[in-house]
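Q: I'll drop the sequence and a predicted model, then ask my questions.
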Amino acid sequence: MTEPHRKPFRAGRLGPAAAALLVSLLPATAAASSPEVERGRYLTIIGGCNDCHTAGYAPAAGKVPEKDWLTGDVLGWRGPWGTTYPSNLRLFMAKLSEKEWVTLAKHLETRPPMPWFTLQKMTDGDLRAIYKFVRSLGPAGSPAPAYLPPDKTPPQPYIQVP
Ligand code: HEC
């Protein structure tokens, strides 16, 4: 029974700002509270994916906002294989289903310095967690520059190996 002096709670009585805050918190809370997304974030960090696929990550000691993670880099890696660019994984995964990603990762072979042989060794569960984390961030950024063959000199910046 409602006490006579207390008005029943109605959402309409929240100020517009409070209501907007509540709504804006909902998706973030849902993503953060999923243990699989959390595991994906952890694996992405210790798997070193940001080291190459997030611009400026290593020089900033990892202090790059998460919204910018895995959007690829224009820093080229030049060696006998030509010049490669760390792909934008946010756009890459947006085009794949979870199942497609797991199959692709298990068979992936790229040019250096991508450690595809390490990615292949991840368990299905780890790969699915990484997928869920990257998808929770959503697509962002632009595609990385296209691969250049060995006889083409890339524009700066690039890392020369060796
Ligand atoms: C040492 C740098 C480096 C690290 C560390 C690294 N990558 Fe890469 N990755 C690259 C580069 C460079 C390419 C592009 C290779 C090419 O063009 O052949 C690439 C390509 C890829 C591709 C293929 C995408 C496409 O466009 O075909 C995937 C998927 C990928 N990386 C995922 C990952 C994941 C997941 C991690 C962490 C577990 C990771 N990478 C760690 C450098 C790196």
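A: Structure's in. What do you need?

Q: hey, let's count contacts and neighbours off CA atoms from now on
A: Noted.

Q: what about the residue nearest to G76 when sequence neighbours are not counted, how many neighbours?
A: Leaving aside its chain neighbours, G76 sits nearest to Y158 (4.2 Å; criterion: C-alpha to C-alpha, 6 or more residues apart in numbering). Neighbour count of Y158, defined by other C-alpha atoms under 10 Å: 16.

Q: Same check on Q156?
A: 9.

Q: Pull the contacting residues for it.
A: L75, G76 (C-alpha atoms under 8 Å, 6 or more residues apart in numbering).

Q: gap between it and the ligand?
A: Separation of Q156 from the ligand (C-alpha to the nearest ligand atom, to the nearest Å) stands at 15 Å.

Q: Pull out the buried positions in stretch 40-60.
A: Neighbour-count burial for stretch 40-60 flags 40-41, 43-44, 47, 49-57 (criterion: 16 or more other C-alpha atoms under 10 Å).

Q: Then stretch 96-116?
A: Using 16+ other C-alpha under 10 Å as the test for burial, stretch 96-116 gives E98, W101, V102, A105, K106, P112, M114, W116.

Q: Sort out for me which of those residues are in helices.
A: Taking DSSP state H, the ones among these that sit in helices are E98, W101, V102, A105, K106, W116.

Q: Check the fifth one and give its pLDDT.
A: This means K106. Per-residue confidence at K106 stands at 98 (pLDDT).

Q: so what's it closest to, chain neighbours aside?
A: Nearest to K106 is Q120, by C-alpha to C-alpha, 6+ apart, at 4.4 Å.

Q: right, and that neighbour touches A105 too?
A: Yes: using C-alpha atoms under 8 Å, Q120 makes contact with A105 at a distance of 5.9 Å.

Q: neighbours of the residue nearest to K106, just the number please.
A: Q120 has 18 neighbouring residues, counting by other C-alpha under 10 Å.

Q: for P155, same thing?
A: 9.

Q: Kindly report the same for the one 4 residues further on.
A: Other residues within reach of I159, judged by other C-alpha under 10 Å, total 12.

Q: and what of V64?
A: Counted with other C-alpha under 10 Å, V64 comes out at 16.

Q: looking at this, it is in a strand?
A: No: V64 is assigned coil when assessed by DSSP: H, G, I helix; E, B strand; the rest coil, not a strand.

Q: G56 is in contact with that one, correct?
A: Yes: using C-alpha under 8 Å, V64 is in contact with G56, at 7.5 Å.
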